[in-house]
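Participant: Sequence below, structure please.
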Amino acid sequence: MKIIWEYRSTEIRKYFKKFSGSLLKKRTKEWGVGTKIAILALIMNTFEIIELLAALSGVVYIWLEYRASVWLWLAGIVMPAIYIWVYLQSGVYANVGINVYFIVAGVYGLWVWLSGRGEHGEKPITHTPRSVWVPSIAVGTILTVGIWWLLVRFTDSTVPWLDAFTTGFSVIGLWMLARKWAEQWAVWIVVDAVYTGMYLHLEMWPTAAMYGIFTIVAVFGLFKWRGRATEALSESH
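Facilitator: You can find the predicted model right below:
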């Protein structure tokens, strides 16, 4: 145990990174995947490992969402559960709250999708009612301002405005997703793009990469879901 903790110390880890880097270049063909993963785990600290696991679970989540699979809600419970710890360590406090909301919404969304199944065994994708947009934007804005005030007043949040905006409109996006409205992807395009910039600023590289992927998938998801919503509408008439 003593040797392991010595590896975890900052100075020794820096040396090990340099040493293992040159070693990997020489022995790449000889070592298997398991060996490389073990060395990578030694190089990374606890925060980096947990953040990477959270980001990987996020990739699974967005893939399931793109496919409109009901199992996205289970992945949507696992991912925020891990990210709660990550955000607490990073001082992104509003996102701690939104991830608690994600867990609760995951249970709600799973129930809505399963209980709303139609003739084809699943709740159909539909277009967002026009009457929903103005109230949704208004509520998202109110949430943003309110969360910003709480962050500035009671926390040492490092990015209060970005933290508040992404949190406020994530509430709206997840609610729209639970209703299975195609245009929920439009909300996520904006939110995920802002998330990407915020995590680049915070130097949380795996999370920034994850949200960059989310942004790209959201663009394709918008077109795919709108097409499926139009098809479902045609079939109902």
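Participant: ok, Gly76 touching Val104?
Facilitator: No - applying CB atoms under 8 Å as the test, Gly76 and Val104 come out as separate, 10.6 Å apart. All C-beta atoms are positioned from the backbone trio N, CA, C, and that covers glycine.
Participant: residue nearest the centroid of this structure?
Facilitator: Nearest to the centroid of the C-alpha atoms of the chain, with distances taken as CA atoms, centre = their mean, sits Gly58, at 5.0 Å.
Participant: same question for the strand or helix carrying it, mean pLDDT?
Facilitator: Element membership for Gly58 (DSSP states H and E) is helix 46-66. Taken as a whole, helix 46-66 has an average pLDDT of 88.
Participant: Name the helix or strand of this protein that has the lowest mean pLDDT.
Facilitator: One helix or strand of the chain scores below all others by mean pLDDT, DSSP states H and E: helix 2-8, with a mean of 40.
Participant: Now do the same contact list for Trp185.
Facilitator: 218-219, 221-222, 225 (CB atoms under 8 Å, 6 or more residues apart in numbering).
Participant: So what touches stretch 129-137?
Facilitator: 172, 176, 181.
Participant: again, but for stretch 50-58
Facilitator: The contact list for stretch 50-58 (CB under 8 Å, 6+ apart) reads 44, 75, 78-79, 82-83, 85-86, 204, 206-207, 209-210, 214.
Participant: Please identify the buried residues of that stretch?
Facilitator: For stretch 50-58, a neighbour-count test (16 or more other CB atoms under 10 Å) marks 50-55, 57-58 as buried.
Participant: Arg226 - nearest residue in space that isn't next to it in sequence?
Facilitator: Take Arg226 and drop its neighbours on the chain: the residue closest to it by CB to CB, 6 or more residues apart in numbering is Ala182, 4.6 Å away.
Participant: got it, and Asn95?
Facilitator: Among residues not flanking Asn95 along the chain, Tyr87 sits closest, at 4.5 Å (CB to CB, 6+ apart).
Participant: any idea which helix or strand carries that neighbour?
Facilitator: helix 72-90.
Participant: Beyond that helix, next helix or strand please.
Facilitator: Later in the chain than helix 72-90, the nearest helix or strand by DSSP H and E is helix 93-115.
Participant: C-alpha coordinates for that following helix, PDB please?
Facilitator: Taking C-alpha atoms only, helix 93-115 is exported to PDB below (Å, rounded to 0.1, in the frame of the first residue of the first chain):
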ATOM      1  CA  TYR A  93     -22.300  23.500  -7.700                       C
ATOM      2  CA  ALA A  94     -25.400  24.100  -9.800                       C
ATOM      3  CA  ASN A  95     -24.500  21.000 -11.800                       C
ATOM      4  CA  VAL A  96     -24.500  19.000  -8.600                       C
ATOM      5  CA  GLY A  97     -28.200  20.000  -8.200                       C
ATOM      6  CA  ILE A  98     -29.000  19.400 -11.900                       C
ATOM      7  CA  ASN A  99     -27.600  15.900 -11.600                       C
ATOM      8  CA  VAL A 100     -29.800  15.100  -8.600                       C
ATOM      9  CA  TYR A 101     -32.600  16.300 -10.800                       C
ATOM     10  CA  PHE A 102     -31.400  14.100 -13.700                       C
ATOM     11  CA  ILE A 103     -31.600  11.000 -11.400                       C
ATOM     12  CA  VAL A 104     -35.200  11.900 -10.400                       C
ATOM     13  CA  ALA A 105     -36.100  12.700 -14.000                       C
ATOM     14  CA  GLY A 106     -34.500   9.400 -15.100                       C
ATOM     15  CA  VAL A 107     -37.100   7.500 -13.000                       C
ATOM     16  CA  TYR A 108     -39.900   9.800 -14.200                       C
ATOM     17  CA  GLY A 109     -38.800   9.500 -17.900                       C
ATOM     18  CA  LEU A 110     -38.600   5.700 -17.700                       C
ATOM     19  CA  TRP A 111     -42.100   5.600 -16.300                       C
ATOM     20  CA  VAL A 112     -43.500   8.100 -18.900                       C
ATOM     21  CA  TRP A 113     -42.000   6.200 -21.800                       C
ATOM     22  CA  LEU A 114     -43.100   2.800 -20.600                       C
ATOM     23  CA  SER A 115     -46.600   3.900 -19.600                       C
END
